[in-house]
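# What would the 3D arrangement of this be:
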Amino acid sequence: MGNHHQNSIDAAEDRKRFNAILEELGIEQPKGGIARSESDALAIASEIGYPVVVRPSYVLGGRAMEIVYNDEKLIKYLATAVQVDPERPVLVDKYLIDAVEIDVDALADSAGNVVIGGIMEHIEQAGIHSGDSACSLPTRTISAQCLEVIRSWTANLAKRLNVCGLMNCQYAISTTGEVFLLEANPRASRTVPFVSKAIGHPLAKYASLVMSGFTKEVVPKHVSVKEAVLPFEKFQGCDILLGPEMRSTGEVMGIDYEFSGAFAKAQIAAGQKLTLSGTVFLSLNDLTKRHLAEIGRGFQDLGFNIIATSGTAKVLQLEGIPVEPVLKIHEGRPNARDMLKNGQIQVMVITSSGDALDSKDGLQLRRLALAYKVPIITTVDGARATMDAIKSLKNKSIETLALQDYFQIADASPDLQAAAQTAP
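Residues are numbered from 1 along each chain as shown. Coordinates of the predicted model:
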């Protein structure tokens with residue numbers, strides 16, 4: 001955990017104190033507020049607008065954290081997921097749609113020296129718990145300007161919180177390029193082992209290097225992708241949809257000189273079967289249909305046949321993409337469930353609508369895909385990354401290298417090389 005003062009942890013978790021620190025440092029965060037009653041929560045949600053992320057204070061693993069889209073769902077959350085009162089306030093924050101989430105692991109010493117261990121870009125959009133989201137190091141799509149803001153804010157925050165040891169910060173970058181701090185945790189994160197392997201330097205060793213004045217961030221030339229291992233097969237009836245509450249029980253990583261190859265290796269390591277041909281089933285909700293043409297064309301270019309539910313099929317047809325409409329489970333037979341059982345579907349992309357029908361038919365279809373070991377993707381960004389991975393596997397065979405083979409002298413910073421050479 002690191003030798004952190006209780007005061008540092010309280011300052012990061014106490015919303016009032018934390019807000020004051022962020023305002024002092026000029027660090028932006030999503031609009032939100034502290035609710036000590038149901039009426040407080042409804043008033044905050046009304047002011048900042050839905051969707052909102054709600055969670056209790058002092059939680060690990062995103063416990064009881066949820067994204068809600070209307071008053072009815074918010075009231076239900078407050079009644080069933082948490083007990084809200086003046087002694088146990090609930091945090092209500094604006095949910096940033098389609099934002100990219102960033103994880104940063106940093107080290108600080110008592111003298112105020114701060115070093116960035118690694119900056120990771122999540123594959124899935126902000127809102128899915130960092131423990132369940134795949135991520136890439138180095139980042140793939142983040143501008144140099146945004147990265148500079150993230151580095152500066154992380155260092156300033158570590159100093160202001162008097163962190164001595166490891167700290168993890170999570171950021172979101174909006175579609176307009178604005179950076180927001182989501183949370184700061186003055187403790188070791190689950191990503192520390194991944195970052196250490198990805199950069200070729202154990203962060204525990206970094207702690208001593210920081211104290212010696214070595215503060216050079218290492219950005220490797222290869223790409224490392226972390227993927228979550230999810231235990232859904234062991235829990236009958238459990239939905240596989242990901243959200244703010246962590247559900248994974250382990251992690252794997254893939255390394256390659258290109259993102260597509262690293263992501264493919266991570267999927268294989270996590271037990272995901274990446275098929276290179278066949279039929280893809282598409283069913284996207286109204287919020288994500290604007291990405292449908294891109295996904296449809298992507299799978300079409302890879303040589304896949306496309307089948308889709310009625311609403312999704314209409315959008316694809318308007319875009320001139322060949323598609324075979326298929327019935328939903330409640331619409332009759334033969335339907336998507338029948339095709340899945342008959343081995344006529346090789347990969348599925350489903351974004352949940354979250355309504356009552358999806359809770360029945362959608363859940364049934366997702367569980368069936370799990371039982372038949374058909375790859376199922378539930379986010380747009382996950383679909384993009386999967387298409388990249390399939391393209392990579394079609395174009396070249398997987399190359400297996402020892403972890404040490406990825407680290408050459410050119411990858412390490414001069415400061416760290418010098419430190420390694422003089423170390424006893």
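
# Phi, psi for Ile173 please.
Main-chain torsions, Ile173, degrees, to the nearest 10: phi -110, psi 120.

# excluding its backbone neighbours, what's nearest it?
Val100 (4.7 Å; CB to CB, 6 or more residues apart in numbering). C-beta: built from backbone N, CA, C; applies to glycine.

# Check whether the one you found really touches Gly177, as I assumed.
No - applying CB atoms under 8 Å, one finds Val100 not in contact with Gly177, separated by 9.9 Å.

# between these two, which one's more packed in?
Val100 (23 against 12; other CB atoms under 10 Å).

# so what pLDDT did that one get?
We have a pLDDT of 94 for Val100.

# Over to Ala369?
You'll see Ala369 listed with a pLDDT of 82.

# Return the residues in contact with the closest residue in space to it that isn't next to it in sequence.
If the residues on either side of it in the chain are set aside, Ala369 comes closest to Ile376, at 4.3 Å by CB to CB, 6+ apart. For Ile376, the contacting residues are 240, 347-350, 366, 369-370, by CB atoms under 8 Å, 6 or more residues apart in numbering.

# Most neighbours among the residues you listed, which one?
Neighbour count (other CB under 10 Å) singles out Val349 as the most crowded of the contacts of Ile376, with 27 neighbours.

# Ends of stretch 270-281, what's the gap?
One end of stretch 270-281 sits 22 Å from the other (CA to CA, to the nearest Å).

# right, I mislabeled it, should have said stretch 53-65
End-to-end distance of stretch 53-65 (CA to CA): 7 Å.

# State the mean pLDDT of it.
Across stretch 53-65, pLDDT averages out at 66.

# Report the beta-bridge partners for the residue nearest to Ile173.
In this entry, Val100 is beta-bridged to Gln125, Ile173, by DSSP bridges.

# so where is the stretch 301-424 of the chain shaky, pLDDT-wise?
Along the stretch 301-424 of the chain, the model assigns pLDDT under 70 to residues 355-360, 408-424.

# now the strands: where do they sit in the stretch 1-150 of the chain?
Here the stretch 1-150 of the chain has its strands, by DSSP state E, counting those that start in this stretch, at 32-35, 52-56, 66-68, 90-94, 100-108, 114-125, 135-137.

# Now do the end-to-end distance for stretch 135-154.
The stretch stretch 135-154 measures 19 Å between its terminal residues, going by CA to CA.

# Check which residues of it are buried.
Of the residues in stretch 135-154, those buried under the neighbour-count criterion (16 or more other CB atoms under 10 Å) are 135-139, 142, 146-147, 149-151, 153-154.

# Now go through those and say which are in helices.
Of the positions in the buried residues of stretch 135-154, 146-147, 149-151, 153-154 sit in helices, assigned by DSSP state H.

# The host helix or strand of Leu370 packs against which elements?
The secondary structure element spanning Leu370 is helix 363-371 (assigned by DSSP states H and E). Judged by 3 or more CB pairs under 8 Å, 6 or more residues apart in numbering; DSSP states H and E, helix 363-371 is in contact with helix 336-341, strand 347-350, strand 376-377.

# packing partners for the longest one?
Contact analysis of helix 336-341 by 3+ CB pairs under 8 Å, 6+ apart lists strand 279-283, helix 363-371 as its packing neighbours.

# Using a markdown table, lay out those together with distance to Gly112.
Written out in a markdown table, the entries for the helices and strands packed on helix 336-341 read as follows (distance: least, CB to CB, whole Å):
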| stretch | distance to Gly112 |
| --- | --- |
| strand 279-283 | 52 |
| helix 363-371 | 49 |
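
# Show me the strands in the stretch 201-350 of the chain, by range?
Assignment of strands within the stretch 201-350 of the chain using DSSP E, counting those that start in this stretch yields the ranges 223-229, 250-256, 279-283, 305-308, 324-325, 347-350.

# can you put the ones you listed in TSV and add distance to Ser46?
Formatted as TSV, those follow (distance: least, CB to CB, whole Å):
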stretch	distance to Ser46
strand 223-229	35
strand 250-256	39
strand 279-283	32
strand 305-308	36
strand 324-325	40
strand 347-350	31
